[in-house]
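>>> Here is a sequence together with a model predicted from it:
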Amino acid sequence: MNLYDSLPDAAATVFGEEAVGSSSYDVLTVDVPVGSWISSLEIARDKLGCTYFDWLSAVDEPGTGFRICAHVVSLENHRVRRLLLRTTVPHSAPSLPSAVAVYAGAEWHERETYEMFGIVFTDHPHLVHLLLPENFEGHPLRKDFVLAARVAKAWPGAKEPGEAHDPNAPKRRQMLPPGVPDPNDWGPMKGQLPPAPARPARTPRAAGAAGAAGAAARTPREGAPVRRTRSVTEGSATQAAEAAPAAPETPAAGPASETPPRPPRRTRSVSEGSASQAAPAAPQTPAEAEAPVPEAAPGSTRPAATGSDAPWHNPKPAFEEPQPPAAPAAPATPATPDQAETPEPEPDPDPESDPTPDEKGGDA
């Protein structure tokens, strides 16, 4: 059995009595004191086979100190075993022995940690700035580092959309992100800004003498309508207003005070359509009543016209079909007996067409 497999239960046996082991998210973590930092790294390299150095960094824990973390890996027998060693140094004296003698790859990471957190690694061969310029002051990853850019330029999240364009618009409570001090306490406008207005304190609500009973006995304010409950079948107050009996007119009441009652609500089926689609039919004239109802032509897929004007009752084909040839004219109706007995009058002779006496051979 490998010594690594006995962790975290055997952390005190492997790394010392003050070591505390835990495992979470498939990562084995061992916390050791500052005095056994270098010896714990040697144990991880020599006894646990963690010869691969991955990274080293720190975390600023307010009220606790700087927690330095070193992540090393074992690759024996083609199996990855990870180990996270941690130790804590106080904020007042952030100093720790360098691990370059155990893991040469820790040189770059310790320089970055020194620059970002201000932790001094003793015996480091070249502990100088790595990313920031030489004249940079402060350590950006500390929780107490002041974000100067946020003081010089307003935080975008401090205003709602549209507040910058309307100076008279109501403003919400000003909020500052972590690390941003009050511009009146730090920065170029220090001591020149008026104090922020304090929000008025909320007055505690007066407790009722009878508790819930007193709340139930509250009377509605003057002029407010009495609240009533309605079921789903009754509908809302605007849809189903009950027709109240008309009150007797008073001399002071005029025509403007008379409110006609709403008609009762009625239900309609899908086939009937809405009220706007199915309006009451207008009265027909005697001629319209006697007119035959047009039927669908033979061979046509278009149904006959119906009484409802709903579009799904009278569908139209996508393409117009040729109309059938016109039907022959109906035969003439036979004459009535009175018309048959009455002879048709003969046409009068044209006086111009009558022969003259000379043409008849009469006497000249």
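Arrived safely, thanks for sending. Numbering: from 1, shown residues only.
>>> Now the phi/psi pair for the spatially closest residue to Ala11 that is not a sequence neighbour, please.
Distances taken as CB to CB, 6 or more residues apart in numbering put Gly21 closest to Ala11, at 2.9 Å, once the chain neighbours are dropped. Bear in mind the C-beta positions are built from the backbone N, C-alpha and C, glycine included. With angles defined as degrees, to the nearest 10, Gly21 sits at phi -110, psi 150.
>>> for Val100, same thing?
Backbone torsions of Val100, given as degrees, to the nearest 10, read phi -60, psi -30.
>>> For Thr88, what is the enclosing helix or strand?
Assigned by DSSP states H and E, Thr88 falls within strand 81-89.
>>> typed the wrong thing, it's Leu131
Going by DSSP H and E, Leu131 is not in any helix or strand.
>>> Return the residues in contact with it.
Counting by CB atoms under 8 Å, 6 or more residues apart in numbering, Leu131 makes contact with Glu112, Glu115.
>>> please begin residue numbering at 19 from this point
In the new numbering, first residue 19, that becomes Leu149.
>>> picking up where we left off before, next secondary structure after the strand holding Thr106?
Heading C-terminal from strand 99-107 (DSSP H and E), you reach strand 113-115.
>>> I'd like to know which elements that next one is packed against.
helix 55-64, strand 99-107, strand 138-140 (3 or more CB pairs under 8 Å, 6 or more residues apart in numbering; DSSP states H and E).
>>> List the contacts of the next helix or strand after that strand.
Next along the chain after strand 113-115, taking DSSP H and E as the criterion, comes helix 124-135. With contact meaning CB under 8 Å, 6+ apart, helix 124-135 is reached by 71, 73-76, 78, 84, 86, 88, 112, 116-118, 137-139, 142-150, 157-160.
>>> and what of stretch 51-68?
Contact with stretch 51-68 is made by 20-22, 32-34, 36-37, 48, 50, 69, 86, 88, 90-94, 99, 101, 103, 105-107, 114-115, 117, 119-121, as judged by CB under 8 Å, 6+ apart.
>>> Give the buried residues for it.
Buried residues in stretch 51-68, counted by 16 or more other CB atoms under 10 Å: Val52, Ser54, Trp55, Ile56, Ser58, Leu59, Ile61, Ala62, Arg63, Leu66, Gly67, Cys68.
>>> Using the three-state scheme, assign Val164.
Three-state call for Val164 (DSSP: H, G, I helix; E, B strand; the rest coil): coil.
>>> Do I have it right that it meets Pro199?
Yes - Val164 is within contact range of Pro199, at 5.9 Å (criterion: CB atoms under 8 Å).
>>> contacting residues around Ser92?
Neighbour list for Ser92: Tyr22, Leu66, Gly67, Cys68, Thr69, Tyr70, Val98, Arg99, Arg100, Leu101 [criterion: CB under 8 Å, 6+ apart].
>>> Appreciated, that's everything.
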